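>>> My questions are about this predicted structure, shown below with the sequence.
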Amino acid sequence: MSRVDNNLSSIVEEIADEMKSRPDRGDVATYIPELANVDPDCFGLTVIDAHGEVFSGGDSDMAFSIQSISKVFTLTLALGIVGDRLWRRVGREPSGNPFNSIVQLEMERGVPRNPFINAGAIAVTDVLVSGHQPREALGQIVRFMQFLADDASIGIDHAVAASEKRTGFRNTALANYMKSFDVIENLVDFTLGVYFHHCAIAMTCRQLAMAGRYLAHSGRNPTTGLSVVSPERARRINALMLTCGHYDGSGEFAYRVGLPGKSGVGGGIFAIAPGKASIAVWSPGLDKSGNSHLGRIALEKLTKRTGWSIFGA
Ligand code: GLU
């Protein structure tokens, strides 16, 4: 066991304790009304190392709405179905724009900049809907999460899904706009319904860190030995998380944290330290780019203390 592993337990606990008591917590998302009810004082952190050892602190066993973190997993599934043909419908460049921007989509003739902005993730979801009833497509996504996390209790928070559906006017605009360029194949309502519901999957930090282990270990869960994607695909998904995972805050996240990661407006961030660890952090208050304020600060502290930044210690 390395020096870092020996200390990891205290590092994680110290960070969680410090974050729990900080007064600057960011602002909880309110544009999805149900998310506004979440307690901003929550904070959870889980790190799972290469041996499968779990280090947790704070509210790491409290379920939260994973929101856009689900996009990492729908991207994994869609690449499994259509492979590189996906890139005819979605780009791979950072957007430098807010997660729900409409302007860029018009300039780029309905082809979203990357799979993690809302428009791109809706296009990816559409791939999963093709040839299925929406309910089946959604079932497949939830079962994939349960399989990855080895936890059949993972499910959807239907109140959050309904809340987003009621107020998802911008996402509806994005989807309709893409439909006009034939980027969306299915009925807009079907694709959006599946999108809203997979964003509303509820998971704990522990479940999320468990689910994402394949990305930290060249596409395979090192404990079970089961391969989820090829090493090349894992590397590419990680590259997209690094460059696009935090919307117009992606540069800042790389600068401060230095890990591939994906955030969600529920306040979660999933990140990986290649070959070393799978990490999930949750603090509901967001910064101005819609990324968890304390989640990012916690990860910055973690990479400083472990030397895990992919850019050097
Ligand atoms: N469901 C959210 C939306 O479409 C996801 C945004 C996010 O988590 O960044 O607005």
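Perfect, I can see it now. Residues are numbered from 1 along each chain as shown.

>>> now the helices: where do they sit in the protein?
Along the chain, counting by DSSP state H, helices occupy 3-21, 70-82, 103-107, 118-129, 134-149, 158-167, 169-180, 188-199, 205-211, 213-216, 231-244, 250-256, 293-306.

>>> Report the angle between the last one and helix 3-21.
Meaning helix 293-306. Between helix 293-306 and helix 3-21, the angle comes out at 150 degrees (axes from the mean of the first three to the mean of the last three Cα atoms, to 10 degrees).

>>> Show me which residues of the stretch 151-300 of the chain are close to the ligand?
Counting by Cβ under 6 Å from any ligand atom, the positions of the stretch 151-300 of the chain adjacent to the ligand are 164, 171, 199, 264-265, 290. C-beta coordinates here come from the backbone N, C-alpha and C atoms, glycine included.

>>> Up against the ligand, what does the stretch 1-150 of the chain have?
67-68, 99-100, 118.

>>> Low-confidence regions, this structure specifically.
1-6 (pLDDT under 70).

>>> same thing but 90
Scanning the chain for pLDDT under 90 picks out the ranges 1-6, 95-102, 104, 106-108, 247, 313.

>>> Give me the most central residue, it.
Ile69 (1.6 Å; Cα atoms, centre = their mean).

>>> And the residues of the stretch 1-150 of the chain next to the ligand, which two are furthest apart?
The span of those, defined through Cβ to Cβ, is set by Gln67 and Asn100 at 12.1 Å.

>>> Please determine how far Glu232 is located from the ligand.
27 Å (Cβ to the nearest ligand atom, to the nearest Å).

>>> What is the burial count for that residue?
Using other Cβ atoms under 10 Å, Glu232 has 10 neighbouring residues.

>>> try Ser180
Neighbours of Ser180 (other Cβ under 10 Å): 10.

>>> distance of it from Lys165?
For Ser180, the distance to Lys165 (Cβ to Cβ, to the nearest Å) stands at 21 Å.

>>> swap in His51?
From His51 across to Lys165, the span is 42 Å (Cβ to Cβ).

>>> picking that back up, okay, Gln67 and Asn100: which has more neighbours?
Gln67 (25 against 17).

>>> ok, the more buried one touching His198?
No - if you go by Cβ atoms under 8 Å, Gln67 and His198 don't touch, sitting 9.5 Å apart.

>>> Now do the nearest residue to Asn238 once chain neighbours are set aside: how many residues are near it, please.
Spatial nearest neighbour of Asn238, chain neighbours left out: Pro260 (4.1 Å); criterion: Cβ to Cβ, 6 or more residues apart in numbering. Using other Cβ under 10 Å, Pro260 has 26 neighbouring residues.

>>> ok, now which ones touch Pro260?
215, 238-239, 241-242, 245, 271-272, 274, 310 (Cβ atoms under 8 Å, 6 or more residues apart in numbering).

>>> and of these, the nearest to Ser283?
Nearest member of those to Ser283, counting by Cβ to Cβ, is Ala271, at 13.6 Å.

>>> now the closest residue to Ala78 other than its chain neighbours: how far from Trp87?
Nearest residue to Ala78 in three dimensions, chain neighbours excluded: Val127, at 4.2 Å (Cβ to Cβ, 6+ apart). From Val127 across to Trp87, the span is 11 Å (Cβ to Cβ).

>>> okay, those two: which has more neighbours?
Val127 (25 against 13).

>>> Hmm, that one is touching Leu86, no?
Yes - using Cβ under 8 Å, Val127 is in contact with Leu86, at 6.5 Å.

>>> if I look at these two, which residues touch both of them?
Counting by Cβ under 8 Å, 6+ apart, the common neighbours of Val127 and Leu86 are Ala78.

>>> Tell me who's in contact with Gly245.
Taking Cβ under 8 Å, 6+ apart, we find Gly245 in contact with 72, 116, 253, 260-263.

>>> Make a ChimeraX selection of whichever of those turn out to be buried.
Buried residues among the contacts of Gly245 (16 or more other Cβ atoms under 10 Å), as a ChimeraX selection:
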select :72,116,253,260,261,262,263
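
>>> Max pairwise distance over the contacts of Gly245: which two?
Comparing every pair within the contacts of Gly245 by Cβ to Cβ identifies Val72 and Phe253 as the most remote, at 14.5 Å.

>>> Which parts of stretch 79-93 count as buried, going by neighbours?
Here stretch 79-93 shows 79, 86, 89-91 as buried, counting by 16+ other Cβ under 10 Å.

>>> returning to what we had before: backbone phi and psi for the residue nearest to Asn238, please?
Dihedral angles of Pro260 (phi, psi; degrees, to the nearest 10) stand at phi -60, psi 130.

>>> what's the distance between Asp287 and Thr306?
23 Å.

>>> Of these two, give the one with the bigger neighbour count.
Neighbour count, other Cβ under 10 Å: between Asp287 and Thr306, Thr306 has more, with 22 against 18.

>>> residues in contact with that one?
The contact partners of Thr306, taken as Cβ under 8 Å, 6+ apart, are 4, 8, 11, 273, 276.
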